[in-house]
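S.K.: Here is a sequence with its predicted model. Questions after.
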Amino acid sequence: MPASNTRFGSAPSVAKCKSITLTAKCGEPVIMPVVALGLWKVPADAAFSAVTSALDGGYRHLDCAPVYRNQAIVGAAITAYLTEHAETLSRRDLFITSKVFPSPTNLHDNFENDVRNTLRELDLKYLDLCLIHWPFEYEESSLEDMWMAMEDLVKNGLVKAIGVSNFSSTKLKRILEIAEIPVSVNQVEMHAMFRQEALVNFCNNNGVHVTAYGPLGSGDQWASDGLGRKCAAEERLLSHPETLRVAKSAGCTPAQALIAWIVHHRMCSCAPKSVNPSRQAENIAAGSRDFVNNNKILGLLSTLDKVEPQVRLQHGAFHTGPPESGKCFRTLEELWDEDVSYMLDRDFERPEGFMLRPSQ
């Protein structure tokens, strides 16, 4: 794993979130706080207050994307906050992640235009980290082509570090074989109900840091007042008996137990979403070095390694379909490059023509 370093902003009194060092261009270190504010599913009308309260509570890492449709509001909140706290906080104290979506043609121009649009929305001059959001591959643009376009973003000074999201070890290996600039991060679904041991081990062995999205199980996706989707798991992660047992024994909230498991036990980072200031404060506190102050708590967290069943909640079925659908992947197995038999008989949305695997 990369060496860890602590780096904090100074406005106002903030939680001391642990950070890690990413390797970027020519070995230049980039310091990334390990708990980010996840901005997926944050409504535009709630984004300004959510970002402001997060920065007040000590967050210095914001996880953005154009498809979240709130970047302009996030940017306005960042600008207002830095202006108000100009004497104690500057742009270099923040770590901003965003993403690009692959397109069939002209990757260099498309990626550069997308990043420049993101920078305009966020009112920034550079991104600390930019990720390929999904491993979509087209006849005219391979994964390798995409990575070369990503490297151009670094060479042109638009981003400091680059990485990927939702990449299997099979797809990531192709990038690693041709990369001139290191793959800093692979952001994937990872939590106690989908531990991704093989992928995390592969990334660790190849110097790629893993960031977990959906670390709390994305419960708002299944809620009737959220996205109202079907949930592929019988249990909800935050209310899973093992989560509740660990939280009670450790004297923390269930969310804190799950975040601490990722940060201190798995040695990964995460991007939990919350618009509630008190929950934001609880989440960032779980990323503090002081949160895990003895081996007993680490031992409690390790019991989350036994949570069953293991099931992918962010299944990605909407990215699959028959050739005439225009989707890049025919089956869920092709998307994730894994045995997807654990999804058999699970209740989740299946687009027209959906196939779990070729032998279906």
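M.R.: Looks like it came in fine. Numbering: from 1, shown residues only.
S.K.: now the strands for the chain?
M.R.: Counting by DSSP state E, one finds strands in the chain at the ranges 4-6, 18-23, 29-33, 37-38, 61-63, 95-100, 127-132, 159-165, 185-189, 209-213, 269-270.
S.K.: per-residue confidence averaged over the fifth one?
M.R.: Put plainly, it is strand 61-63. If you average the pLDDT over strand 61-63, you get 98.
S.K.: picking up where we left off before, of the strands of the chain, which stretch is the most buried?
M.R.: Mean neighbours per residue, mean count of other CB atoms under 10 Å, is largest over those for strand 269-270, with a mean of 28. Backbone N, C-alpha and C define where each C-beta goes, glycine included.
S.K.: Which residues does that strand contact?
M.R.: Outside of strand 269-270, the residues within contact range by CB atoms under 8 Å, 6 or more residues apart in numbering are 20, 32-36, 190, 209-213, 215, 259, 262-263.
S.K.: same thing but at 6 Å, please
M.R.: Outside strand 269-270, the residues that touch it by CB atoms under 6 Å, 6 or more residues apart in numbering are 34, 211-212, 215, 259, 262.
S.K.: before we move on, back to that, quick one: which of the strands of the chain is nearest residue 318?
M.R.: Proximity to residue 318, assessed across these by CB to CB, is greatest for strand 185-189 (14.3 Å).
S.K.: ends of stretch 87-94, how far apart?
M.R.: 15 Å (CA to CA, to the nearest Å).
S.K.: Give me the spatial nearest neighbour of residue 66, chain neighbours excluded.
M.R.: Distances taken as CB to CB, 6 or more residues apart in numbering place residue 118 nearest to residue 66, at 6.0 Å, with adjacent residues excluded.
S.K.: ranges for the helices of the stretch 201-350 of the chain?
M.R.: 219-222, 241-250, 254-260, 277-286, 295-302, 332-336 (DSSP state H, counting those that start in this stretch).
S.K.: Tabulate those (JSON lines), appending distance to residue 161 and mean pLDDT.
M.R.: Formatted as JSON lines, the helices of the stretch 201-350 of the chain follow (distance: least, CB to CB, whole Å; pLDDT from 0 to 100):
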{"stretch": "helix 219-222", "distance to residue 161": "29", "mean pLDDT": "67"}
{"stretch": "helix 241-250", "distance to residue 161": "32", "mean pLDDT": "96"}
{"stretch": "helix 254-260", "distance to residue 161": "23", "mean pLDDT": "97"}
{"stretch": "helix 277-286", "distance to residue 161": "22", "mean pLDDT": "97"}
{"stretch": "helix 295-302", "distance to residue 161": "28", "mean pLDDT": "88"}
{"stretch": "helix 332-336", "distance to residue 161": "25", "mean pLDDT": "96"}
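S.K.: so which of the ones you listed gets nearest residue 74?
M.R.: helix 277-286 (14.5 Å).
S.K.: for the closest one, packing partners?
M.R.: helix 44-56, helix 254-260 (3 or more CB pairs under 6 Å, 6 or more residues apart in numbering; DSSP states H and E).
S.K.: how about low-confidence regions in the stretch 151-300 of the chain?
M.R.: Within the stretch 151-300 of the chain, the segments meeting pLDDT under 70 span 220-228.
S.K.: Try it again at 90.
M.R.: 218-235, 289-290, 292-298 (pLDDT under 90).
S.K.: quick one on the thing from earlier: state the number of residues packed around the residue nearest to residue 66.
M.R.: Neighbour count of residue 118, defined by other CB atoms under 10 Å: 24.
S.K.: what does residue 155 give?
M.R.: Around residue 155 there are 12 residues (other CB under 10 Å).
S.K.: With residue 261 instead?
M.R.: Applying other CB under 10 Å, we find 29 other residues in the vicinity of residue 261.
S.K.: How about residue 281?
M.R.: Neighbours of residue 281 (other CB under 10 Å): 18.
S.K.: Over to residue 295?
M.R.: Residue 295 has 8 nearby residues by other CB under 10 Å.
S.K.: next one: residue 301
M.R.: By the criterion of other CB under 10 Å, residue 301 has 22 neighbours.
S.K.: residue contacts, it?
M.R.: 260-261, 265.
S.K.: closest to residue 279 among the residues you listed?
M.R.: Checking the contacts of residue 301 against residue 279 by CB to CB gives residue 260 as the nearest, at 14.8 Å.
S.K.: Return the residue spatially closest to that closest one, with its sequence-adjacent residues excluded.
M.R.: residue 286 is the one closest to residue 260 (CB to CB, 6+ apart), at 4.6 Å.
S.K.: ok, now which ones touch the one you found?
M.R.: 256, 259-260 are the contacts of residue 286 under CB under 6 Å, 6+ apart.
S.K.: Looking at the residues you listed, which is nearest residue 312?
M.R.: Among the contacts of residue 286, and counting by CB to CB, the member closest to residue 312 is residue 259, at 19.7 Å.
S.K.: any idea how far residue 332 is from that closest one?
M.R.: According to CB to CB, to the nearest Å, residue 259 stands 28 Å off from residue 332.
S.K.: and what of residue 324?
M.R.: 18 Å.
S.K.: now residue 37
M.R.: Residue 37 sits 30 Å away from residue 332 when distances are taken as CB to CB.
S.K.: Render the CA-only coordinates of the top helix by length along the chain in CSV, please.
M.R.: If you go by DSSP state H, the chain has its longest helix at helix 107-122. Written as CSV, here are the backbone C-alpha positions of helix 107-122 (Å, rounded to 0.1, in the frame of the first residue of the first chain):
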residue,chain,number,x,y,z
LEU,A,107,-11.3,10.3,-27.3
HIS,A,108,-8.6,12.9,-26.9
ASP,A,109,-10.9,15.9,-27.7
ASN,A,110,-14.0,14.4,-26.0
PHE,A,111,-12.1,13.7,-22.7
GLU,A,112,-10.4,17.1,-22.8
ASN,A,113,-13.7,18.9,-23.6
ASP,A,114,-15.5,17.0,-20.8
VAL,A,115,-12.9,17.8,-18.2
ARG,A,116,-12.8,21.5,-19.3
ASN,A,117,-16.6,21.6,-18.9
THR,A,118,-16.3,20.0,-15.5
LEU,A,119,-13.7,22.6,-14.5
ARG,A,120,-16.0,25.3,-15.6
GLU,A,121,-18.9,23.9,-13.6
LEU,A,122,-16.7,23.4,-10.5
